[in-house]
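1. Build me a model from this:
(2 chains)
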Amino acid sequence: DSGVTQTPKHLITATGQRVTLRCSPRSGDLSVYWYQQSLDQGLQFLIQYYNGEERAKGNILERFSAQQFPDLHSELNLSSLELGDSALYFCASSVKGTGVPTGELFFGEGSRLTVL
Amino acid sequence: GQNIDQPTEMTATEGAIVQINCTYQTSGFNGLFWYQQHAGEAPTFLSYNVLDGLEEKGRFSSFLSRSKGYSYLLLKELQMKDSASYLCAAFNQAGTALIFGKGTTLSVSS
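-> Reported below is the predicted structural model:
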């Protein structure tokens, strides 16, 4: 158990809909990262928050948005869903946001999104 | 820019040794990571190299050559449970996020 909690574990929805994925980082971790993993693309970095502020952006679509709340939990909002958005969405946390010696990320179990 | 390359698939037999290679091109360098991911599960941290050389951790070792932009993960005394995807990763230029390669799927057979 990494200590990172993601909900829901599974989600099935229809095209055009909107969903929210939630992540609670490990106790004491200030940074939250969101990744998307689909079969043909590998683990794609979406966005990072550090202590409530957006720190880095990766290949995140404009239909997707995220935020980190004062209690450090984070939500990833996916809207106008398309079939291609079906994937496993991982949240990870670490203590600091930039270039620490270990930089180890602790991953949650993921939220599997299926868009029909 | 950033580019991380590793083989897509490898196969090996129980008890054998396998080496998974990774080449990377990054604008800045803050270390090279290896993660293990079993199908449908979360990635788990295996190793981190920031200096050249070999880091050994039990059956797993990781090597880094910064001048060549090259790393490998060495798995010894392979077991069936080692069948998984092995992900090579490096920090982005700003050092704010880990960027992963597409992973190498290792299949261990008896």
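2. Residues of chain B that sit close to chain A?
-> Residues of chain B found near chain A (C-beta under 8 Å from any C-beta of the partner chain) are B:30-31, B:33, B:40-45, B:48, B:50, B:87, B:91-92, B:94-103. C-beta here means a position set from N, CA and C on the backbone, and glycine is covered the same way.
3. Out of those residues, which end up buried?
-> The neighbour-count test (16 or more other C-beta atoms under 10 Å in any protein chain shown) marks B:30-31, B:33, B:42-45, B:48, B:87, B:91-92, B:95-103 as buried among these.
4. Let's verify A:G84: helix, strand, or coil?
-> State at A:G84, reduced to three classes by DSSP: H, G, I helix; E, B strand; the rest coil: helix.
5. What does the pLDDT read for it?
-> pLDDT for A:G84: 94.
6. quick one: it and B:N21, what's the gap?
-> From A:G84 across to B:N21, the span is 31 Å (C-beta to C-beta, to the nearest Å).
7. Equivalent analysis for A:A87, please.
-> Relative to B:N21, A:A87 is positioned 27 Å away (C-beta to C-beta).
8. Who has more neighbours out of these two?
-> Shown here are A:A87 and B:N21; by other C-beta atoms under 10 Å in any protein chain shown, A:A87 has more neighbours (20 against 15).
9. Isn't that one up against A:D40?
-> No: using C-beta atoms under 8 Å as the test, A:A87 is too far from A:D40 to be in contact (10.1 Å).
10. how about low-confidence regions in chain A?
-> Chain A contains residues with pLDDT under 70 at A:96-103.
11. residue ranges of the strands in it, please?
-> Assigned by DSSP state E, the strands in chain A fall at A:5-7, A:10-13, A:19-24, A:31-38, A:42-50, A:53-57, A:64-68, A:74-78, A:87-94, A:106-107, A:111-115.
12. Repeat that for chain B.
-> Here chain B has its strands, by DSSP E, at B:2-5, B:9-13, B:18-26, B:32-37, B:44-49, B:53-57, B:60-65, B:70-75, B:84-91, B:98-100, B:104-109.
13. can you put those in CSV and add mean pLDDT?
-> Converted to CSV, these look like this (pLDDT from 0 to 100):
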stretch, mean pLDDT
strand B:2-5, 88
strand B:9-13, 97
strand B:18-26, 94
strand B:32-37, 95
strand B:44-49, 92
strand B:53-57, 93
strand B:60-65, 96
strand B:70-75, 97
strand B:84-91, 94
strand B:98-100, 89
strand B:104-109, 97
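14. how about the residue nearest the centre of chain A, what does it touch?
-> Residue closest to the average C-alpha location in chain A (C-alpha atoms, centre = their mean): A:W34, at 2.8 Å. Contact analysis of A:W34 by C-beta atoms under 8 Å, 6 or more residues apart in numbering or on different chains lists A:C23, A:F45, A:L46, A:I47, A:Q48, A:I60, A:A66, A:S74, A:L76, A:Y89, A:F90, A:C91.
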